[in-house]
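> Task: produce atomic coordinates for the following.
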Amino acid sequence: MTTATFNYIDTSSYTTKPWNKVDGPGTSFTQLPRTRHVSNLRGHFSDYTTENAGFAVLVSPASEKSFTDDNAIRRGYYAEVETLLRENLKSVGNVKKVVIFDHTIRRSVKDSPRQPVLQVHVDQTPAAAEARVRRHLDAEEAEVLLQGRYQIINVWRPISHSASDFPLGVIDWRSTQPEDFIAVDLLYPRRDNHSPEVDDEDDDDRGKEKLPDKESHSSTVGYEVKGETMSVAASERHRFYYVKDMQPEEVMLLKCFDSWGEGMRNGRKGVAVRTPHTAFVDPDTSMKSKGRESIEVRCLVFYE
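Numbers count the residues shown, from 1 in each chain. Okay, the predicted model is just below:
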């Protein structure tokens, strides 16, 4: 176990619905740091599942190693992720369909547009999860699948070396309350549809991030709302976990939403709805550790 500082949303710092930018710094609210104990999951992987805690840790080496070729990621790694989900979610139910809609590579280097996120959050709200289904499937199929159980699972792994620098911390869903979660608009850069390089019909944001102008962090000019996430309010109840020096062959499944999660319309008691998570500074990390590199793949998972 170690002790670290975690950044929550300061619920006193905004008066209208808060917003956050997808590409680097830029929010309408401030953070509230709190010191918390963090337990190492090593030796206890089997005790935590996407059903009871909202997350799971697996050992599953990937064929892709560098994650520098976007086309190779989509062609090869996406297939690996789908197989991993189908094989490891059998205890949850019979997976009917997997739709991979997004991936993000984060590198802890100066010029990367996607850095480790140092704030406790959840990637989607229930409304955003339903909107994702409607966005990525045709209308008729979406209506059918929305009647059954569906989830959004974020498949997270380190790239090339251990994620000792800015490790991923998660909160056990069982230590949260519904009032802990704050809906936040997610702003994306508005792409210039007058540019010959941009397809007017292109609705795919993968791999198009650019480093934002540091002078515009507090401005929404040139941005549009294309999603909704959840920030998390501070609570002494929260139980934090991480995998110390997590390796590239290790994968964490982060549940962002479950339509059968407790409290949802079709919810089942005791089933985790979501997993709050964040990067954090581990005080036990060596100063010689390489900067964290990681990939996260977000997937819609539908069950029979």
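
> going forward, measure contacts and count neighbours with C-alpha atoms only.
Will do.

> in stretch 117-127, what's buried?
117-126 (16 or more other CA atoms under 10 Å).

> Looking at these, which one is closest to residue 149?
Nearest to residue 149, judged by CA to CA, of these is residue 126 at 12.8 Å.

> Now the closest one: closest residue in space that isn't a chain neighbour?
residue 257 (6.6 Å; CA to CA, 6 or more residues apart in numbering).

> The one you found in helix, strand or coil?
The local conformation at residue 257, judged by DSSP: H, G, I helix; E, B strand; the rest coil, is strand.

> Also residue 252?
Going by three-state DSSP: residue 252 is strand.

> Pull the CA coordinates from stretch 220-232 and hand them back as PDB.
Output of stretch 220-232 as PDB, limited to C-alpha atoms (Å, rounded to 0.1, in the frame of the first residue of the first chain):
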ATOM      1  CA  THR A 220     -14.600  27.100 -26.100                       C
ATOM      2  CA  VAL A 221     -14.100  28.900 -29.400                       C
ATOM      3  CA  GLY A 222     -13.400  26.200 -32.100                       C
ATOM      4  CA  TYR A 223     -14.800  23.400 -29.900                       C
ATOM      5  CA  GLU A 224     -18.100  21.500 -29.900                       C
ATOM      6  CA  VAL A 225     -19.800  19.200 -27.400                       C
ATOM      7  CA  LYS A 226     -19.500  15.700 -28.700                       C
ATOM      8  CA  GLY A 227     -19.800  13.700 -25.500                       C
ATOM      9  CA  GLU A 228     -20.500  13.700 -21.800                       C
ATOM     10  CA  THR A 229     -18.200  12.300 -19.100                       C
ATOM     11  CA  MET A 230     -18.400  12.200 -15.300                       C
ATOM     12  CA  SER A 231     -16.100  13.900 -12.900                       C
ATOM     13  CA  VAL A 232     -16.100  12.600  -9.300                       C
END
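
> closest to residue 162 among the buried residues of stretch 117-127?
Distances from residue 162 to the buried residues of stretch 117-127, taken by CA to CA, are shortest for residue 117, at 17.4 Å.

> Just to be sure, the closest one is in a helix?
No. Secondary structure assignment (three-state DSSP) places residue 117 in coil, not in a helix.

> That one contacts residue 278, correct?
Yes. Using CA atoms under 8 Å, residue 117 is in contact with residue 278, at 6.1 Å.
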